[in-house]
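Chemist: Generate a structure from the sequence data that follows.
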Amino acid sequence: MNLSTTAMKIASELEQLRGAPSWRRGFHPIRSLTPETLTRHLDAFHGGNLRGAALLWEAIERRDDVLQGVAAKRKKSVARLPWDVLTVDGGEEALAQQEALRFFYNSLTCVNAADGNERGGFRLLIKQMMDSVGKKYAVHEIVYREHGECRLEGVGEALLSAEFRFVPLEFFENRSGRLRFSPGDRAEDGMELEPGAWMVTVGDGLMEACSIAYLFKHLPLRDWLVYCERNGMPGVKGVTDALPGTPHWEMARRAVEAFGAEFNALLSTGSDLQAIDLSSRGELPYPALVERMDRAIAALWCGSDLSTLSRGNGVGASLQGDGRLILENDDAATISETLNAQVDCHVLGHLFPGAPLRAYVRLRTAPERNALEELEICERLARMGLPIPLKDLRERFAISLPLEGDEVLAASSPTR
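Modeler: Model prediction:
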C-alpha cells in the first residue's frame, strides 16, 4: 500500500516548510491579542480559515498555567487506557482479522510533522488525536508500510503497519466544509485529503471558549500587576532647610533616593506636596475575576458543573467521580470510532478484499456503574429467559475471544 501522489506532494511541502527559516515566524498571536483580534480569529475559524485561531489556541494552551494542566490531564487519562482488538464472532476469518489489526497497532509509529523529536507509538497517537478536544480537529497523515516477512496463514497480502504523522491544524482550511491541506496564508483552495491516506479526529473544540476566558483572565492580571507596581511600595518625601543646589541639598537628595522607592521627592521647608492616592480602599476586583476565569477553564476541561464553579475551591476540580467517567468514556468512544471508520476498514480492506469487517480496535474503559452490579443484572436477565448476545457482553467488559491454545477460566460448579 503506497502513498498517493497527493500525499507525497503534501509530505514534500511539509518537509520544505519545516526546513525554511521562516517556519512559524512572523505571527505572534498572544502579543497582539485584544477582544477585537480574538473575535476576528474566531469568526475566521468558523468561516473555514483555521490558521490564525489554530496558532492562537496552541500558544494559549502552552502558556496558561491552569489550561496546560487540565488539558494534559484530560488527554493523558485516555492515552493511558488499555486497548484490544475485538471480534464480532469466533470464526476463522474474524480471528485472522483480529491478528492483523493487533500486529498493525502494536507496530505503528507516530511522529509530529512539525517537531521530529516527538515520536512514539499508539499512546502518543491517542494523545495527538485528543488535541481535537481543544481545537475541534486533529489531523494525521498515514504512511502505510508492508511487512513482507509477516503473513497470516491463508492471507496472500503482507501484514501492514503505518507511520502516523500529526500535522498541525494551521496547515488546513475548511472553507468547503471538509478539511483540505493549505500551508501558509494561501487564498486559493487547498488540496483534498485522500480517504485512507489521512485521518481526521473531530472533538468538542473547547479552545474557543477557553480563549475567551484566557483573554478576560489576562487583561485583569495585567492591570493587577500594574496596580501592584504602582502601589506596592510607598513613596518617600524628604524635607530640608538647605537651599536647592547647595551641598546640603545634594546630600539630602541622595539620602531620599537611597531608599529605593520609585516615587520620591525632596522639598524645602515651607513647601507642600499633596499625594493623589489611587489605591483601592476595599477589595480589589482583579483576583475574583482571575479566579472566575480559572474555574471556568477547569470546568470546561474537567466537566465540573455550575455548583462547582460557585465554590471557592473550584479551581482544583479534577477528573474524579462520575464526571471523570463520563468524559473518559466519551473520549475513548470517539477515539475508537475514528480508528474503526478511518483506519481499520482500510487495513482490513487491503488484507481481506471483499470480506466483511469482523474485527475492530477498542479502548477499554471503566464501566459507569459498578462492574459487579452489571454482571448481577446480566445473570438475573439470563435466569428470566432473556437472551443476551455474547458479543455485547464481551464488548461491554472488553473481553476478547481466546486464541487457540489459550487457557480459559472454567465455570465453577454451583455450591449447595
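
Chemist: Domain parsing of the protein, as residue ranges.
Modeler: 1-232+282-366, 370-410 (automatic domain parsing).

Chemist: Deepest-packed of those, please.
Modeler: Highest mean neighbour count of the domains of the chain: domain 1-232+282-366, a mean of 17 (counted as mean count of other CB atoms under 10 Å). Yep, even glycine has a C-beta here, placed from its N, CA and C like the rest.

Chemist: Average pLDDT for that domain, rounded please.
Modeler: Averaging pLDDT along domain 1-232+282-366 yields 83.

Chemist: got the domains of the chain as TSV, with distance to residue 247 columns?
Modeler: Formatted as TSV, the domains of the chain follow (distance: least, CB to CB, whole Å):
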stretch	distance to residue 247
domain 1-232+282-366	33
domain 370-410	87
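
Chemist: Do a quick rundown of the helices in the stretch 151-300 of the chain.
Modeler: Taking DSSP state H, counting those that start in this stretch to define them, one finds helices in the stretch 151-300 of the chain at 207-231, 247-258, 286-302.

Chemist: Go through the ones you listed and name the closest to residue 86.
Modeler: Of all these, helix 286-302 sits nearest to residue 86, with 29.6 Å by CB to CB.

Chemist: tilt between that closest one and helix 207-231?
Modeler: Angle of helix 286-302 versus helix 207-231, following axes from the mean of the first three to the mean of the last three CA atoms, to 10 degrees, is 160 degrees.

Chemist: same for helix 286-302, what does it pack against?
Modeler: In terms of contacts (3 or more CB pairs under 8 Å, 6 or more residues apart in numbering; DSSP states H and E), helix 286-302 is packed against helix 65-79, helix 207-231, helix 306-310, helix 321-339.

Chemist: give the contact list for residue 120.
Modeler: For residue 120, the contacting residues are 109, 110, by CB atoms under 8 Å, 6 or more residues apart in numbering.

Chemist: Look up the residues forming beta bridges with it.
Modeler: With DSSP bridges as the criterion, residue 120 is bridged to residue 110.

Chemist: thinking again about what came up before, same list (the helices and strands packed on helix 286-302) but as CSV, adding distance to residue 56.
Modeler: Shown next, in CSV, are the helices and strands packed on helix 286-302 (distance: least, CB to CB, whole Å):
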stretch, distance to residue 56
helix 65-79, 13
helix 207-231, 6
helix 306-310, 25
helix 321-339, 24
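
Chemist: thinking again about what came up before, and residue 239, which of the domains of the chain is closest to it?
Modeler: Nearest to residue 239, of all the domains of the chain, is domain 1-232+282-366, at 23.1 Å by CB to CB.

Chemist: Now render the helices of the stretch 151-300 of the chain as JSON lines, adding distance to residue 175.
Modeler: Shown next, in JSON lines, are those (distance: least, CB to CB, whole Å):
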{"stretch": "helix 207-231", "distance to residue 175": "18"}
{"stretch": "helix 247-258", "distance to residue 175": "62"}
{"stretch": "helix 286-302", "distance to residue 175": "27"}
